[in-house]
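# Structure for the following, please:
(chains A and B)
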Protein chains: 2
Amino acid sequence: MEETARVIEAIWELLDAGRDERLADLLAEAHPADVARAIRELPVKDQVRVFRLLTPQHAGAVLGELDDPTLRELVRSLDEAEVSRALDRMPSDEVVNVVEELPKEQAEEILDLMEEQKAEEVQELLEYPEGTAGRLMSPDFVAVLETVTVARAIEHIRKAKTGERAFYVYVVDDHDHLVGFVPLHRLITADPATTISAIRTEDVESVTVDTDQEEVARLVQRYNLIQVPVVDANRRLLGVIGVEDVLDVIREEATEDIQRLGGVGGDENVLDPPQSVFTKRLVWRLINLGTAVLAASVIGLFEQSIQSLATLAVFMPIVASMGGIGTTQTATIVVRGIALGDMTGSVLRRVLWKELWLGLTTGAANGLVIAAIAYVWKGQILLALILAMALVFNMLVAAVVGTLIPVALKAFRIDPAIASSVIITTFTDVCGFFSFLGLATVLIRFLL
Amino acid sequence: MEETARVIEAIWELLDAGRDERLADLLAEAHPADVARAIRELPVKDQVRVFRLLTPQHAGAVLGELDDPTLRELVRSLDEAEVSRALDRMPSDEVVNVVEELPKEQAEEILDLMEEQKAEEVQELLEYPEGTAGRLMSPDFVAVLETVTVARAIEHIRKAKTGERAFYVYVVDDHDHLVGFVPLHRLITADPATTISAIRTEDVESVTVDTDQEEVARLVQRYNLIQVPVVDANRRLLGVIGVEDVLDVIREEATEDIQRLGGVGGDENVLDPPQSVFTKRLVWRLINLGTAVLAASVIGLFEQSIQSLATLAVFMPIVASMGGIGTTQTATIVVRGIALGDMTGSVLRRVLWKELWLGLTTGAANGLVIAAIAYVWKGQILLALILAMALVFNMLVAAVVGTLIPVALKAFRIDPAIASSVIITTFTDVCGFFSFLGLATVLIRFLL
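Numbering: from 1, shown residues only, chains lettered A, B, ... in the order given. Alright, predicted model coming up:
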């Protein structure tokens, strides 16, 4: 992205030099995505200055490219009138993207100031719940009746003014029901006198307005779609979702998965103000504290043994730590498998078997190594053996827990990604301390 | 994906009933992606049976949709001749996707049996290194000279037979240099007598054959592209990359990030045979064993204190565990921020400040809770205070380590995602044990 970096640097320079006219020229030529990147790195005062140098057309596009915290901060410092002027120039689905991120009152004020027709379109889209196909769709598309000729259809496209992202013509019957589509390429190469019904593809993948956006993303990925038509319960065509909107969904989903596994909020951004993420961070840290106390209480059961043989305390965290890496590795693969749709019920046995095999083999290898280290360090062969046995046992526990807990969460319709290491390593912590200290306590008279 | 599930079930039923003719009909109507899903759940014997019921055209498309392990296993059980027949019907970039996953010898044999022209095209693409735009691109596109009229360009599209995924016409000069593009929609709505140079967009985002595929994906996402033209060092147009290929890259990258953070190979799949992932899993588990031994050796330094006061061993893992969640949360956000391009050098100070603030506040809250628990449990106010202090200190260490290590790895051009919890929690384990046991040892005479 050298292009982006170059634009950002040029904007900074011209801002510093106060050369607003040159800056306006530069901004007019830059891609809105690059301008948005530049804006986020500026203090709010300069953000406003840059924004006011943009043409209204361009300003709307830049708003659409800003990340949510920057968008909210910038709009707070602008007049509602200038925001509404910029939004008037944008397609209504993109206006929705901006407006839905703003505080409710401010959003309403801006919509009131916008052109009536555009504002109404936006209001209608906003009525669909967040995360559904209805909220994501654009009402701009070209639809023709199945009975018209190719020549008429082309005539219709000329008049429709949908913008150049119309790659398909959708085919509807007398009642606006979706009955097929024709790619523009086919339309161009067809005989102008043919009727549309003769060249349309009937078998069209569509979604309804209440389809979950993740489901839309899966459909686009599985069938390599560029655009998905959105219909109502009666199969009436209402809008289209382009692959570019789905890209954002895919990225967001992946981010959510990663972040939940890491025990943070799925939507936390690296630049979010600390106060706004405090609660979520704290909750996970408190949960972790709870599970750590649970593990500590297991150790508490064996305080007597540790009093007699402090060396136990030295090796104790090794067993727990190995259980931790085991569950984390297994759960990561299983959670990701569930997200990608690879982890279906029919393969559960195969996955469990794989993880147990890995737990046993890598456990044995690690057990040998740690036994050797423990023997060299402390010179106690029995202690070394107990350590190795506890470690192998804990790796097997890790395999089972790391596989079954995400699957069980999924079965109960809970996001498997909240099976973050915080939760699942509790099992291996407890089992690890219990097996190691338990074995050692049973055999303590041979150890002293 | 009810559609997919329905197809899979129908295939199973017809297979069981041995109704091969009905099955062939069903397969002919099903989407290749659904057939591929069904195949992966079958034993190899049935995979071959289903494959042989497909038309050659369809068979090629199904091969292109299979995941890599299933593809390799199936092709091993088929004749090279039937595979080559199926691949002959596919676009050359999709043939590349299949062939590159096969063992070298088998791939060569299959290419030898394919039609000469197709095989040559494939060979040429295979010469570009994996992960570059050259390897990803398709040589099927429509290009017209800037001097022709719209009518001539449309004529050219009719003859070019590029398939219906041609959404743009690329514009070249006499020497095949890329000098612009025209969306089909604009071509249709333009006056047929206009010259292409009058309606083309000159400012075209392109990549060179050696551009990294991640860079292509970032470009597509940032500028919402449907197709990216690929040029050589002299800006001669050689191919195009469609957004559908980029979707796979984005998904793979996200998966890689998640999995590396979890301490497993970036390309491991939940169904991979255990032997094939054994080494990578073992390596991380051994590294973890090494870091655990390091942490244990810190405890070893304080064995004397633990001998005198075994209660220390009970609380010890709590400090380490809280450091672990702290680093994991921080590193997850920072690694993801780097991957999304949000974590630039200029915001490092802001992020570090945020994490320190969170470490201090949540640390204080957690410290209070654990001090209360420890006091109630063991009745020692000083021990409770030491525990709380060590915990707060370790949360601050976690904030610094979780932020700086991924950033430093990135600066050294190492994938920040390998800053998996395995590596970074070593710091907090060591600091946690050291601060808690160290403080307790200094103050031990007040504790006994």
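
# show me where the stretch 151-300 of chain A has helices.
For the stretch 151-300 of chain A, applying DSSP state H, counting those that start in this stretch gives helices covering A:184-189, A:196-199, A:213-223, A:243-261, A:274-301.

# Figure out which of these is closest to residue B:287.
Evaluated with CB to CB, the helices of the stretch 151-300 of chain A place helix A:243-261 nearest to residue B:287, the distance being 19.5 Å. Where you see a C-beta, it was placed from the backbone N, CA and C, and this is true even at glycine.

# before we move on, the earlier item: lowest mean pLDDT across the helices of the stretch 151-300 of chain A, which one is that?
Lowest mean pLDDT of the helices of the stretch 151-300 of chain A: helix A:243-261, a mean of 83.

# a markdown table for the helices of the stretch 151-300 of chain A, including mean neighbour count?
Listed next are the helices of the stretch 151-300 of chain A as a markdown table, based on neighbours: other CB atoms under 10 Å in any protein chain shown:
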| stretch | mean neighbour count |
| --- | --- |
| helix A:184-189 | 21 |
| helix A:196-199 | 17 |
| helix A:213-223 | 20 |
| helix A:243-261 | 21 |
| helix A:274-301 | 18 |
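
# With distance to chain B as added columns, please give those helices in a markdown table.
Listed next are the helices of the stretch 151-300 of chain A as a markdown table, based on distance: least, CB to the nearest CB, whole Å:
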| stretch | distance to chain B |
| --- | --- |
| helix A:184-189 | 4 |
| helix A:196-199 | 11 |
| helix A:213-223 | 5 |
| helix A:243-261 | 3 |
| helix A:274-301 | 4 |
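
# Kindly state which of these is positioned closest to residue B:67.
It is, among the helices of the stretch 151-300 of chain A and with distance given as CB to CB, helix A:213-223, at 12.4 Å.

# tally of neighbours for the spatially closest residue to residue A:177 that is not a sequence neighbour?
Residue nearest to residue A:177 in three dimensions, not counting chain neighbours: residue A:235, with 4.8 Å by CB to CB, 6 or more residues apart in numbering or on different chains. Residue A:235 has 16 neighbours, counted by other CB atoms under 10 Å in any protein chain shown.

# per-residue confidence for residue A:235?
So, for residue A:235, pLDDT stands at 94.

# what's the answer for residue A:419, then?
Taking residue A:419 on its own, its pLDDT is 63.

# about what we covered before: I'd like to know which of the helices of the stretch 151-300 of chain A lies nearest to residue B:81.
Using CB to CB, the helices of the stretch 151-300 of chain A put helix A:213-223 closest to residue B:81, at 29.7 Å.

# what's the angle between that closest one and helix B:243-261?
Angle of helix A:213-223 versus helix B:243-261, following axes from the mean of the first three to the mean of the last three CA atoms, to 10 degrees, is 120 degrees.

# quick check: domain ranges of chain A?
Annotated domains of chain A cover A:2-127, A:143-250, A:274-447 [automatic domain parsing].

# if you compare these, which one is most tucked away?
Counting by mean count of other CB atoms under 10 Å in any protein chain shown, domain A:274-447 has the highest mean neighbour count of the domains of chain A, with a mean of 21.

# Okay, residue A:436 and residue A:391: tell me how far apart.
The spacing between residue A:436 and residue A:391, counted by CB to CB, to the nearest Å, is 8 Å.

# contacting residues around residue A:286?
The contact partners of residue A:286, taken as CB atoms under 8 Å, 6 or more residues apart in numbering or on different chains, are B:365, B:366, B:369.

# what's the pLDDT at the last one?
pLDDT recorded at residue B:369 is 95.

# Local confidence estimate at residue A:140?
pLDDT, residue A:140: 88.

# How about the secondary structure of it?
coil (DSSP: H, G, I helix; E, B strand; the rest coil).

# can I assume it is in contact with residue A:163?
Yes. Residue A:140 is within contact range of residue A:163, at 6.4 Å (criterion: CB atoms under 8 Å).

# Common neighbours of these two, please.
With CB under 8 Å, 6+ apart, residue A:140 and residue A:163 have common neighbours residue A:91.

# before we move on, back to that, any common contacting residues for residue A:436 and residue A:391?
With CB under 8 Å, 6+ apart as the test, residue A:436 and residue A:391 both reach residue A:319.

# where do the strands sit along the stretch 101-250 of chain A?
Applying DSSP state E, counting those that start in this stretch to the stretch 101-250 of chain A gives strands spanning A:143-145, A:168-172, A:178-183, A:207-208, A:227-231, A:237-242.

# Can you list the helices and strands that the first one packs against?
So the one you mean is strand A:143-145. Counting contacts by 3 or more CB pairs under 8 Å, 6 or more residues apart in numbering or on different chains; DSSP states H and E, strand A:143-145 is packed against helix A:150-160, strand A:168-172.

# so which of the contacts of residue A:286 also contact chain A?
Of the residues in the contacts of residue A:286, proximity to chain A by CB under 8 Å from any CB of the partner chain holds for B:365, B:366, B:369.

# Skip the chain neighbours and tell me the closest residue to residue A:176.
Closest residue to residue A:176 apart from its sequence neighbours, by CB to CB, 6+ apart: residue A:236 at 4.6 Å.
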